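Visitor: Whatever this is, show me its structure:
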Amino acid sequence: MRYCAELTKMYRTYINNPEDSRPVMPSSNAAHESAIESCRKGNTGAGIPVPEKVLGANKFTLPRRQAG
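Guide: Numbers count the residues shown, from 1 in each chain. Reported below is the predicted structural model:
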């Protein structure tokens, strides 16, 4: 879940933070938000691929996955 949390933090910092009055992307994407919620609930299989794809498509270096 740590990797999921790191992806979420990157997504919220650089792509979209619903609490930011001036987000980089003006509206949240339902699929992105659903994936982030999956991460929060521990469903990493559903939560990881979406932020990985979004961050990768925006040329961000993804955090390293930790073993174990």
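Visitor: quick one: the helices in the chain?
Guide: Secondary structure of the chain by DSSP state H: the helices cover 2-10, 30-40, 44-47, 49-57.
Visitor: so what does the shortest one touch, helix or strand wise?
Guide: Put plainly, it is helix 44-47. Secondary-structure packing of helix 44-47 (3 or more Cβ pairs under 8 Å, 6 or more residues apart in numbering; DSSP states H and E): helix 2-10, helix 30-40. C-beta here means a position set from N, CA and C on the backbone, and glycine is covered the same way.
Visitor: Repeat that for the longest one.
Guide: Here helix 30-40 is seen to pack against helix 2-10, helix 44-47, helix 49-57 when contacts are counted using 3+ Cβ pairs under 8 Å, 6+ apart.
Visitor: Go through the last one and flag the buried ones.
Guide: When you say that, I think you mean helix 49-57. Val50, Pro51, Glu52, Val54, Leu55 (16 or more other Cβ atoms under 10 Å).
Visitor: just checking, the third one touches Glu6?
Guide: In this case it means Glu52. No: between Glu52 and Glu6 there is no contact under Cβ atoms under 8 Å: 10.8 Å.
Visitor: list the contacts for Leu7?
Guide: Cys39, Gly47, Ile48, Pro51, Glu52, Leu55, Leu62, Pro63 (Cβ atoms under 8 Å, 6 or more residues apart in numbering).
Visitor: Please disregard the earlier target; I meant Thr44.
Guide: Met1, Tyr3, Cys4, Ser38.
Visitor: Next, work out how far apart the closest residue to Ala35 other than its chain neighbours and Ala30 are.
Guide: Using Cβ to Cβ, 6 or more residues apart in numbering and skipping the chain neighbours, the partner closest in space to Ala35 is Val50 (3.5 Å). Val50 sits 11 Å away from Ala30, going by Cβ to Cβ, to the nearest Å.
Visitor: got it, and Gly56?
Guide: From Gly56 to Ala30 the distance is 20 Å (Cβ to Cβ).
Visitor: closest one to Asn16 among the helices and strands packed on helix 44-47?
Guide: helix 30-40 (7.0 Å; Cβ to Cβ).
Visitor: Show residues contacting the closest one.
Guide: Residues contacting helix 30-40 (Cβ under 8 Å, 6+ apart): 1, 4-5, 7-8, 11, 15-16, 44, 46-51, 54.
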